[in-house]
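Q: The sequence and its predicted three-dimensional model are supplied below.
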Amino acid sequence: MHDIGSIDAVQAMLAEQDYVCGRALATVVFLALRLGRPLFLEGEPGTGKTEIAKAIAAAVGRRLIRLQCYEGLDAASAVADWNFAAQMIAIRAAEAGGGADREALQAELFSERYLVERPLLAAMRPQPGGPPVLLIDEIDRTDEPFEAFLLEALSDYQLTIPELGTIRAPAPPIVILTSNRTREVHDALKRRCLYHWVDYPGFAREIEILRARAPAASETLSREVVAFVQRLRSEDLFKKPGVAETIDWAKCLLALDVIALSPEVIADTIGAVLKYQDDIARLQGAEAGRLLDEAKKALEDA
Ligand SMILES: Nc1ncnc2c1ncn2[C@@H]1O[C@H](COP(=O)(O)OP(=O)(O)OP(=O)(O)O)[C@@H](O)[C@H]1O
Ligand SMILES: [Mg+2]
């Protein structure tokens, strides 16, 4: 594992994973690792919240375990389930064999052998390389009872499975929670975590991200793409483009051998950047040209 003795070291190890991390984010990551506290990342879509968990796991050589949250997610789906089909087969086999000891069978049916491990349980168990990185992604999509359950699981890093008993993590996992803030996550959960708001990157950092993620794009094209996307974000759009869209767009333009933006190129490829018809419609006519001129002007002034 890397020496994560400083904020600079965090920035460097993430850079090795092609993750461009500003000083403020690097600081909370450093503190989360150093203090063993969960990290709560909230922010705009497509700004690298999920990706940083992957980058940290790869950088420190730990397994990444992801719990993707959704409405209706319950403890069984998050912790563990019983393999009903296998249990049924065992029952049938015992019946066919005759004379099986019913109590022994019952105990066997609710043993590890028939347990289907889900992400939270996996994260509490020893993993090769050390405690894993547990990514609890898009927690704002779950409901409050599940949040309360998580709070409990994260406060002492243990889980109880009624038929099996309590399972305690030998060492706490590195926990990263993300939210798009479609609703506020409860204070009690936030209080346990270090918090960071992940905003859209500024011009220079987004250029750096493109260099890392779309290295084939020329400097000129990258600068135009980033300037245009940044200009777009200040428009009143239904869904503003994230960093993911900037990267996608640059890759599309590369695939089309485009060397510089023009209103025509923008019109043909805007689907990589804007994903709502109303937003796309806004850019029709002279509008794309106007925004492009403004973006180029901002580039000259920069
Ligand atoms: N700082 C960064 N450094 C390198 N790549 C980045 C960075 N930020 C975003 N990306 C790129 O953008 C893509 C999207 O990022 P990611 O999926 O992590 O966004 P997110 O914040 O989780 O979005 P959502 O809220 O929609 O889930 C990543 O696959 C990655 O390629
Ligand atoms: Mg995400």
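A: That came in fine, so what should we check first? Ligands and ions are numbered 1, 2, ... in the order given.
Q: Would you mind listing what in the stretch 151-300 of the chain touches ligand 1?
A: 178, 180, 209, 212-213, 243-244, 247 (CB under 6 Å from any ligand atom). Using the backbone N, CA and C atoms, a C-beta is placed for each residue, glycine as well.
Q: Tell me, how many residues neighbour Ser218?
A: 12 (other CB atoms under 10 Å).
Q: separation between it and ligand 1?
A: 19 Å (CB to the nearest ligand atom, to the nearest Å).
Q: So that residue sits against Ile259, correct?
A: Yes - between Ser218 and Ile259 there is a contact under CB atoms under 8 Å: 6.8 Å.
Q: all helices for the stretch 101-250 of the chain, in order.
A: In the stretch 101-250 of the chain, the helices defined using DSSP state H, counting those that start in this stretch lie at 102-109, 119-124, 144-156, 187-191, 203-213, 219-233, 243-255.
Q: Point out the most buried one among those helices.
A: Each of the helices of the stretch 101-250 of the chain was scored by mean neighbour count; the highest is helix 119-124, a mean of 23, by mean count of other CB atoms under 10 Å.
Q: Just give the nearest non-adjacent residue to the closest residue to ligand 1 within the chain, would you?
A: Residue nearest to ligand 1 within the chain (CB to the nearest ligand atom): Gly48, separated by 2.4 Å. Nearest non-adjacent residue to Gly48, counting by CB to CB, 6 or more residues apart in numbering: Val243, 6.0 Å away.
Q: Give me the secondary structure label for the most centrally placed residue in the chain.
A: The centroid of the chain falls nearest to Thr50 when counting by CA atoms, centre = their mean (1.6 Å). Judged by DSSP: H, G, I helix; E, B strand; the rest coil, the three-state class of Thr50 is helix.
Q: ok, it touching Asp137?
A: Yes - using CB under 8 Å, Thr50 is in contact with Asp137, at 5.7 Å.
Q: Alpha carbons only: can I get stretch 276-288 in CSV?
A: Taking C-alpha atoms only, stretch 276-288 is exported to CSV below (Å, rounded to 0.1, in the frame of the first residue of the first chain):
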residue,chain,number,x,y,z
TYR,A,276,-32.8,16.3,-22.8
GLN,A,277,-34.6,17.4,-25.9
ASP,A,278,-35.6,20.8,-24.4
ASP,A,279,-32.0,21.6,-23.7
ILE,A,280,-30.9,20.5,-27.2
ALA,A,281,-33.7,22.6,-28.7
ARG,A,282,-32.4,25.7,-26.9
LEU,A,283,-29.1,25.3,-28.8
GLN,A,284,-30.7,25.3,-32.2
GLY,A,285,-30.4,28.1,-34.8
ALA,A,286,-27.8,30.8,-34.0
GLU,A,287,-27.6,29.9,-30.3
ALA,A,288,-24.8,27.3,-30.6
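Q: tell me which residues in that stretch are buried?
A: 279-280, 282-283, 288 (16 or more other CB atoms under 10 Å).
Q: Stretch 132-147 now?
A: Quick answer for stretch 132-147 (16+ other CB under 10 Å): 132-142, 146-147.
Q: With distance to ligand 1 as added columns, please give those residues in TSV.
A: Shown next, in TSV, are the buried residues of stretch 132-147 (distance: CB to the nearest ligand atom, whole Å):
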residue	distance to ligand 1
Pro132	18
Val133	14
Leu134	15
Leu135	10
Ile136	12
Asp137	7
Glu138	6
Ile139	11
Asp140	10
Arg141	10
Thr142	15
Phe146	18
Glu147	18
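Q: What sits closest to Ile266 if chain neighbours are left out?
A: Nearest residue to Ile266 in three dimensions, chain neighbours excluded: Ala288, at 4.6 Å (CB to CB, 6+ apart).
Q: need the contact list for that neighbour.
A: Counting by CB atoms under 8 Å, 6 or more residues apart in numbering, Ala288 touches 263, 266-267, 270.
Q: just for the stretch 51-200 of the chain, where's the confidence low?
A: Within the stretch 51-200 of the chain, the ranges that satisfy pLDDT under 70 run 98-100.
Q: For the stretch 1-150 of the chain, what lies in contact range of ligand 1?
A: Of all the residues in the stretch 1-150 of the chain, those in contact range of ligand 1 (CB under 6 Å from any ligand atom) are 18-20, 45-51.
Q: What subset of those residues is buried?
A: Neighbour-count burial (16+ other CB under 10 Å) applied to those gives 19-20, 46-51.
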